[in-house]
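Peer 1: Quick one, what's the 3D model for this:
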Amino acid sequence: MASKGTYQKPPQKRLFVALMGVTCLLVVGLIYLGWYIPTMGLANIHPDLPRIVGMVFAVLSGIAVLGTALLVLTTAFGKDILGTKFMRGVVIKFLLPLIEQMGKLCGISKDTIRQSFVAMNNSLVISQRLKVKPDRILILLPHCLQLAECEIKVTGEINKCMRCGRCDIMGLADLAQRYQVDISVATGGTLARKVIIEKRPKLVLAVACERDLTSGIKDCYPLPVIGVLNDRPFGPCFNTRVDVEKIDAALRSVLA
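Peer 2: Residues are numbered from 1 along each chain as shown. Purely as a prediction, here's the structure:
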């Protein structure tokens with residue numbers, strides 16, 4: 001666990017990519033079995049039917065392998081090779097649940113998988129080389145970043161912050177002011193979704209824990225979301241921290 005003033009190492013996407021490859025092989029194996037097992041029965045219906053069904057299954061297997069290869073190459077080179085936006089949707093909607101189950105079978109915790117997923121998602125978003133005007137970017141923060149003892153609650157209005165510097169809210173508010181981007185503090189997923197609907201950003205830069213970032217990225221798709229994990233030196237949902245430099249770097253990578 002990170003101590004106060006230090007931040008944990010950024011999550012790596014390699015785990016998610018590796019599990020994605022294993023999942024792809026399993027899917028191809030299942031597709032093959034789905035063709036092989038009924039083949040004998042299909043031949044009794046028509047002699048050409050096994051060959052036709054086999055071709056269909058071969059095409060499906062090719063799509064699975066090609067899609068996985070494209071995702072790996074996109075994250076490896078950081079460039080939008082082909083259909084990254086669509087492939088990001090496939091990862092979020094279909095592959096993530098399978099990979100979470102695969103991780104469970106391998107004894108890998110959900111949080112570890114989700115950390116790697118967030119890194120993978122960020123890589124896919126950044127590979128699109130998006131350039132967004134400041135007024136269409138939203139920085140979304142969890143309320144636990146604010147010092148619990150602070151009497152002035154900044155939920156919904158971060159400019160109430162007195163800039164005492166005892167938590168990271170001051171640095172983040174200054175950052176938003178410097179780049180003239182929208183910034184909001186939400187108390188939960190429902191309020192976060194409400195803020196996004198009201199502000200209608202073109203890109204969200206969100207800070208949260210593994211679980212909330214993963215669900216937020218899924219809920220917001222196809223809206224691009226760059227996720228930054230918070231640090232919990234005092235445990236979950238209490239006086240959490242975030243490296244403001246990471247937010248600064250992410251902002252500069254997408255600002256028009």
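Peer 1: Please make it C-alpha for all contacts and neighbour counts, starting now.
Peer 2: OK.
Peer 1: quick one: secondary structure of Leu141?
Peer 2: Secondary structure for Leu141, judged by DSSP: H, G, I helix; E, B strand; the rest coil, is strand.
Peer 1: Tell me the pLDDT of the residue lying closest to it once chain neighbours are set aside.
Peer 2: The shortest distance from Leu141 to any non-neighbouring residue, by CA to CA, 6 or more residues apart in numbering, is to Val185 (4.7 Å). On pLDDT, Val185 comes in at 94.
Peer 1: how much space between Val185 and Ala208?
Peer 2: 11 Å (CA to CA, to the nearest Å).
Peer 1: okay, and the common contacts of the two?
Peer 2: Leu141, Pro142 (CA atoms under 8 Å, 6 or more residues apart in numbering).
Peer 1: tell me, what residue is most central in the chain?
Peer 2: Centroid check for the chain by CA atoms, centre = their mean gives Val118 as the closest residue, at 3.6 Å.
Peer 1: surely it meets Ser215?
Peer 2: No: judged on CA atoms under 8 Å, Val118 makes no contact with Ser215 at a distance of 10.5 Å.
Peer 1: helices and strands around the longest helix along the chain, which ones?
Peer 2: Selection of the longest helix in the chain by residue count, based on DSSP state H, yields helix 14-45. Counting by 3 or more CA pairs under 8 Å, 6 or more residues apart in numbering; DSSP states H and E, the packing neighbours recorded for helix 14-45 are helix 49-77, helix 96-105, helix 110-127.
Peer 1: mind redoing it with 6 Å?
Peer 2: helix 49-77 (3 or more CA pairs under 6 Å, 6 or more residues apart in numbering; DSSP states H and E).
Peer 1: So for stretch 108-128, what gets flagged as buried?
Peer 2: By neighbour count on 16 or more other CA atoms under 10 Å, the buried set for stretch 108-128 is 110, 112-128.
Peer 1: So the residue nearest to Leu141 sits against Ile139, correct?
Peer 2: No: look at Val185 against Ile139 with CA atoms under 6 Å: they stay out of range, at 8.5 Å.
Peer 1: quick check: mean pLDDT across whichever strand or helix holds Arg193?
Peer 2: If you go by DSSP states H and E, Arg193 is part of helix 189-199. Mean pLDDT, computed over helix 189-199, is 90.
Peer 1: How far does that helix sit from its chain's centre?
Peer 2: Centroid separation for helix 189-199 versus its chain: 17 Å, with CA atoms, centre = their mean, to the nearest Å.
Peer 1: Tell me which residues of that helix come out buried.
Peer 2: Of the residues in helix 189-199, those buried (16+ other CA under 10 Å) are Ala192, Val195, Ile196.
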